[in-house]
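*Asks:* Give me a 3D structure for the following:
(2 chains)
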Amino acid sequence: MGSVKRKAEEDTNESRPPEKLHKEYCLLGGEEQVACVHDVSYPHGYNYPSSDSNVSRQDLKPAKEFPFKLDPFQAEAIQCLDTGESVMVSAHTSAGKTVVALYAIAMSLRNKQRVIYTSPIKALSNQKFREFKEEFSDVGLMTGDVTIEPNASCLVMTTEIWRSMQYKGSEVTREVAWIIFDEVHYMRDRERGVVWEESIVMAPKNARFVFLSATVPNAKEFADWVAKVHRQPCHIVYTDYRPTPLQHYLFPAGGKGLYLVVDEKGKFREDSFQKALNALVPASEGDRKRENGKFQKGWVVGKTGEDSDIFKMVKMIIQRQYDPVICFSFSKRECEFLAMQMARMDLNNDDEKVNTETIFWSAMDMLSDDDKKLPQVSNMLPLLKRGIGVHHSGLLPILKEVIEILFQEGLIKCLFATETFSIGLNMPAKTVVFTNVRKFDGDKFRWLSSGEYIQMSGRAGRRGIDERGICILMVDEKLEPSTAKLMVKGSADSLNSAFHLSYNMLLNQLRCEDGDPENLLRNSFYQFQADRAIPDLEKQAKVLEEERDSIRIEEEESLEDYYSLLEQYKSLKKDIHDIIFTPKYCLPFLKPGRLVAIQCTKDDQDAPSFSINDEVTWGVILNFERVKGGSGDDGNIKPEDANYTVDILTRCTVWKDEVGKKTIKIVRLKDPGEPAVISIPISQIDSLSVVCLVIPKDLLPVEARQNTLKKVSEVLSRYSKEGMPPLLDPEDDMKIQSSSYKKAVRRTEALENLFEKHDIAKSPLIEQKLMVLHKKKELTAKIKTIKRTMRTSTALAFKDELKSRRRVLRRLGYITRDNVVELKGKVACEISSADELTLTELMFSGVFKDTKVEEMVSLLSCFVWQEKLQDAQKPREELDLLFTQLQDTARRVAKVQLECKVQIDVENFVSSFRPDIMEAVYAWAKGSKFYEIMEITQVFEGSLIRAIRRLEEVLQQLIQAAKSIGETELEAKFEDAVTMIKRDIVFAASLYL
Amino acid sequence: MRGIQLSFNKTQKLRLDKALEQLEYFSSKLNSNAIVTVSDTIPVNHEDGVLKGHGTMELEGEVVATLCGVVERVNKLVYVRPFRARYKPEIGDIIVGRVIEVAPKRWRLEINFSQDAVLMLSSMNLPDGIQRRRTAVDELNMRTIFEEYDVICAEVRGFQHDGCLHLQARSQKYGKLERGQLLTISPYLVKRQKQHFHHIDQYGIDLILGCNGFIWVGEHVEVKDDMIEDQTNKSEQQNNKLSGLASHQNQEHNYTPLELRQYICRAANAVRVLSTLGFMITVDKIMDAVEMSTSKNLNIHEMLGAEFYVLVAEREAERRSSSSKKR
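*Replies:* Below is the predicted model:
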């Protein structure tokens, strides 16, 4: 590696004084400490510019002067811009990164160069467009929805648009000198992150970058990557600085007050943290069960007759004048629900009420009368007038914007928002409340990560207004102090690549003469990070190897011999056990009352045992039953093949952990514990005895169980001379005649002989010695896996996937054997907003040609709708028919992919197309009013609007596709479709424009 | 083979006919697609629904060809791939064209398409390599980049909203072509491939197979590597200035060695022969023909003689029969 080198300090050739390269600013301005770290990544073999060019540049007047004193990190970043070098600024949301962007724009405009500003979100682009337009005037906007002045010198766009401009070779790519990537930490987004990597890799080689990112610990790594890919120096300016310091409080559920856990100096207060946790009112057993299914609701339910926690909280905040406040929650429904609980609160005076109403209606003016009557619109106003707002992606875009404006004007005192509110434009509040510390991330509920916490808490504290920001965490579950500490005090999430391949990307790369997907892969951040991990892995392997070699064992060879014998013996024993306990043989003997030996639960699962006999205890069989398979087609499984569990009465210790999960441990009969019935899989039974006991019918009372166990002990003591009760003989009693069984038995006997003869068996410390040997073996295995990872990461990442994806494209006729893009491939090239393969296949199968325009639009809606609705009704027959066609096509595409060894779950892929909004979109295309279609579906207004807007994007791409195959009728049809859906509130212009 | 206007002697004629017959035998096996002329009905299954692509239209309920060519089908899409037509551009094609007009902010190029192509000033990298907006001065200096009758190589960018065909020059390897020959052949003889730029190392020549049927054979030009930063270039230039090497290098550049010129001519003649015989043009075939001419000690002008035509045809027939045997 070492392709990127930090300039060595003793390097005499360099132009600048060495101490400038890595320095920390510690200016003590007033009482707060403002620090920033500046570092530079140089590409390998970089020629440092001669010093005179530097001087001439410094003579220039600054491109833009700011009316306030710049913070050190801003000044530092701007200095980098002045020398014409790329810079990555990593700072908190509120720190003022925009200043750097503004300077870069001003500089480019001065030099008559183009500058591009990209952001991850359309709404953010709109807002930035307005901000820049006021400042510079020569500004244009390009998003999927709108295009304004595409020839302006400064272009604001979404990153996706910038990527497609680069693929199309727009002239902008030859005129752009500076590219500003805002919120570049979006690169770790699972779905969209790859767009940033593509855009950065493909960016024109002479362009310079400004990366604005939230605090990331590995900013240096990112800069190294940029320096390597673009062969230019890239500066890093990093600061942890917050203009307003934060205080973090805990609010325990059902508790009375706030507990300061982190003060403004960043100190964690252990004692008050403990107090807070102790104050947590433990939910009673009954409550637990009720809530088990829906943890989320814990907050909102509250106790009947009492104020809910959130209400108390907001009341307290208002009383203490901590407003305005943003309450973050992690679902749209919860957001609205919480807001509804504030119904009794009024936070605005009469003047403010009038103001709110004026602003509201002047914004709503652009809507038609019908749309003004939408329930969401009419329900919102009363809430807003009382100073309470809701902000989430389910709102109508226009409402969202009105609320943002009202919030900025200070007319909303309490805003309930989802995570989306935490990125983008500067909209701080004095206080931020987290209504939950767990978040659903698509698969499961998990603790909030410290990075997310940092991002959202960044909204607390208004610069120049508040002395400090306040962050309140509402906790309702016992969370470990360590978890909480990690969340509140942890470092930011690091910036990791989320690179993945897509067919559209492949085709676009293949279409260019010098485009080569492999090149893109080689230059990706993913590959860079993988390469970088190698030295680390090497080190790990070395350490482990040393450790392994340091372990010395006497008589190692014979010990090893013994060890392998033992292993063999164990596996044979297990084989025999498995044969005996196949349901076919043992089911007839699982009679209630039979005495069985079962394995005790081991204290430590990992510790291997080296004695020949496992520890066993005895119990009584009560019952057995078949385990229900998940697939539901139990009827087909023969009784022999099914899984069974056996209920057994034995002595156990039972305790509960914090979460309330019961843990049961089987112990020996003599040990203390309670008699309990447990159900275990058959395989856990060690052996079956011939003895059967008579068991009482009702085992519910403890005494009955106690007595039964006593009987068991009696039986055992009766046989104590033989050591254990006689067992069922596998051959005579259980009639096991299989040859594999006999063979196994013979071999164990032979092995047992060997054991006795083995000289080392008599050695006194055999157990310990074997333990050490085992450890050594484990280390060897670990080293092996590390070496394997190293091998895979030296190879090109995604190489295999690239190969199989190419195979898919060839199979489906998108590219030829020599990787030349064919007609179908050219169509798929155009489609970037929906699944390109399925849509192209659908198009070539003539489905769009046969259907009516409305039906076609409705069918396309399945491509853009991703939310899952639980109780969505099935669409009408003709639409359902189309949907089936779509599913068939999708299944075919998925199957081809599977055959070509692309990792894909066919049914999952097929069901990723959702028919839920087909009816609504059909009605919309037919010309229904928006309130009418809202009555058809239960989806959020905002979600539907977003889907229809995206649908329009897909249609535009399809128009291009139809053009390229020369099918004019289809092209006209798509154009008709666009005019049919592009109207009214769905495409109402943003208030920011 | 209408294009061949040469006097063959009897044996040559016999040999050529035999070779061509053999070739026809192989090609007829490969090509069983329906051939249509204008107004021919293309049989389709209407119940399934058809997508009508280029070269087709619907007339009285029937799909009719509007071009003379081969019917191609991709799933439900039906289109006609024309014979011997003018070039039909597709996005991403590499083409060679000739400047016919310098217009405001753009050059107009003849590329054998039904209309002239447009190369915008902004679609070109500026000679100074700086990313910036184009100024009026740049516009005035357009002739220093390309002037009329210059031969240029570029990539098809696509049709703009005004219906014009726009070209672009993405990187340094596109641009003016000098010291070589331009050959124009039928576009159908050039198959779209992954690579259209070829550097023949052993002869030191460049071959550019434009998709529009314009073929460039010229002296090899070293393209600056995309990844190498201009900074290094700058310092190189500075070094050059210092040592006064620049002028010397320029002199060297104005002179193409005789040997190289001969190779260029040989390659060009190979293209001429192959295209007249109606063979697809690929680098391998061109190089094969060049090698054959040198191994048979033929002069450059002799490559256009009847004997060489026959040899090339025979060689091609042999190649195809061996490849079909392999299958």
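*Asks:* Contacts only, for residue A:103.
*Replies:* Contact analysis of residue A:103 by Cβ atoms under 8 Å, 6 or more residues apart in numbering or on different chains lists A:62-64, A:78, A:81. Placement of C-beta: from N, CA and C, glycine included.
*Asks:* what element comes up after the strand or helix carrying it heading to the C-terminus?
*Replies:* In this assignment (DSSP states H and E), residue A:103 forms part of helix A:98-110. Note on helix A:98-110: by DSSP H and E, the next helix or strand toward the C-terminus is strand A:114-119.
*Asks:* So residue A:512 sits against residue B:93, correct?
*Replies:* No - assessed by Cβ atoms under 8 Å, residue A:512 is found out of contact with residue B:93, at 10.9 Å.
*Asks:* which one of these two has more residues nearby?
*Replies:* More crowded of residue A:512 and residue B:93, by other Cβ atoms under 10 Å in any protein chain shown: residue B:93, with 23 against 18.
*Asks:* check contacts around the residue nearest to residue A:813 when sequence neighbours are not counted.
*Replies:* Of all residues not flanking residue A:813 in the chain, residue A:824 sits nearest, at 5.5 Å (Cβ to Cβ, 6 or more residues apart in numbering or on different chains). Taking Cβ under 8 Å, 6+ apart as the criterion, residue A:824 is in contact with A:812-814, A:840, A:844, B:74-75.
*Asks:* quick one on the thing from earlier: what's the overlap in contacts for residue A:512 and residue B:93?
*Replies:* residue B:155.
*Asks:* Let me see the ranges of the strands in the stretch 1-150 of chain B.
*Replies:* B:35-36, B:51-52, B:56-59, B:62-65, B:69-74, B:77-82, B:94-103, B:106-110, B:117-120 (DSSP state E, counting those that start in this stretch).
*Asks:* Which of those sits closest to residue A:792?
*Replies:* Counting by Cβ to Cβ, residue A:792 lies closest to strand B:94-103 out of the strands of the stretch 1-150 of chain B; the figure is 36.6 Å.
*Asks:* Check which helices and strands the closest one is in contact with.
*Replies:* strand B:106-110, strand B:151-159, strand B:205-209, strand B:214-219 (3 or more Cβ pairs under 8 Å, 6 or more residues apart in numbering or on different chains; DSSP states H and E).
*Asks:* Run the angle between that strand and strand B:214-219 for me.
*Replies:* Calculated by axes from the mean of the first three to the mean of the last three Cα atoms, to 10 degrees, strand B:94-103 forms an angle of 90 degrees with strand B:214-219.
*Asks:* in strand B:94-103, what counts as buried?
*Replies:* B:94-100, B:102 (16 or more other Cβ atoms under 10 Å in any protein chain shown).
*Asks:* Residue ranges in the stretch 101-250 of chain B under the pLDDT threshold?
*Replies:* Across the stretch 101-250 of chain B, the ranges flagged by pLDDT under 70 are B:223-250.
*Asks:* How many residues are close by whichever residue of it sits closest to chain A?
*Replies:* In the stretch 101-250 of chain B, the residue that lies nearest chain A is residue B:122 (3.7 Å; Cβ to the nearest Cβ). Other residues lying near residue B:122 total 19 when counted by other Cβ under 10 Å.
*Asks:* For the residue most central in space within chain B, give me its contacts.
*Replies:* The C-alpha lying nearest the average C-alpha coordinate of chain B belongs to residue B:210 (Cα atoms, centre = their mean; 2.1 Å). Applying Cβ under 8 Å, 6+ apart, we find residue B:210 in contact with B:94-97, B:111, B:153, B:190, B:196, B:216.
*Asks:* for residue A:106, same thing?
*Replies:* A:63-64, A:136.
*Asks:* Of these, which is the nearest to residue A:260?
*Replies:* Using Cβ to Cβ, the contacts of residue A:106 come closest to residue A:260 at residue A:64, 41.1 Å.
*Asks:* Checking the closest one next. Helix, strand or coil?
*Replies:* With DSSP: H, G, I helix; E, B strand; the rest coil as the basis, residue A:64 sits in coil.
*Asks:* how near is it to residue A:101?
*Replies:* Using Cβ to Cβ, to the nearest Å, residue A:64 is found at 11 Å from residue A:101.
*Asks:* So if I had to pick from the two, which one is more boxed in?
*Replies:* Neighbour count, other Cβ under 10 Å: between residue A:64 and residue A:101, residue A:101 has more, with 23 against 17.
*Asks:* Residue A:184 is in contact with the more buried one, correct?
*Replies:* No - using Cβ under 8 Å, residue A:101 is not in contact with residue A:184, being 11.8 Å away.
*Asks:* what's the overlap in contacts for these two?
*Replies:* Listed as contacting both residue A:101 and residue A:184 by Cβ under 8 Å, 6+ apart are residue A:212.
*Asks:* secondary structure element for residue A:61?
*Replies:* Secondary structure from DSSP H and E places residue A:61 outside every helix and strand.
*Asks:* Provide a list of residues in contact with residue B:69.
*Replies:* By Cβ under 8 Å, 6+ apart, the contact list for residue B:69 reads B:35-36, B:55, B:80-83, B:85.
*Asks:* Specify the beta-bridge partners of it.
*Replies:* Counting by DSSP bridges, residue B:69 is bridged to residue B:36, residue B:82.
*Asks:* where does it land on pLDDT?
*Replies:* Looking at residue B:69, its pLDDT stands at 83.
*Asks:* how about the helices of chain B, start to end?
*Replies:* Under the criterion DSSP state H, chain B contains helices at B:10-30, B:136-140, B:142-145, B:230-243, B:245-253, B:258-277, B:283-295, B:306-326.
*Asks:* Most tightly packed of those helices?
*Replies:* helix B:258-277 (a mean of 20; mean count of other Cβ atoms under 10 Å in any protein chain shown).
*Asks:* just checking, what packs against that one?
*Replies:* Helix B:258-277 packs on strand B:180-184, strand B:205-209, strand B:214-219, helix B:283-295, helix B:306-326, going by 3+ Cβ pairs under 8 Å, 6+ apart.
*Asks:* Not counting its own residues, what contacts that helix?
*Replies:* Counting by Cβ under 8 Å, 6+ apart, B:1, B:3-4, B:180-181, B:183, B:185-186, B:189, B:200, B:203-205, B:207, B:215, B:217-219, B:281, B:285-287, B:289-290, B:293-294, B:300, B:303-304, B:308-309, B:312-313, B:316 sit against helix B:258-277.
*Asks:* 6 Å - rerun?
*Replies:* Contact with helix B:258-277 is made by B:3-4, B:180-181, B:183, B:185, B:189, B:203-205, B:215, B:217, B:219, B:281, B:285-286, B:289-290, B:293, B:300, B:303-304, B:309, B:312-313, as judged by Cβ atoms under 6 Å, 6 or more residues apart in numbering or on different chains.
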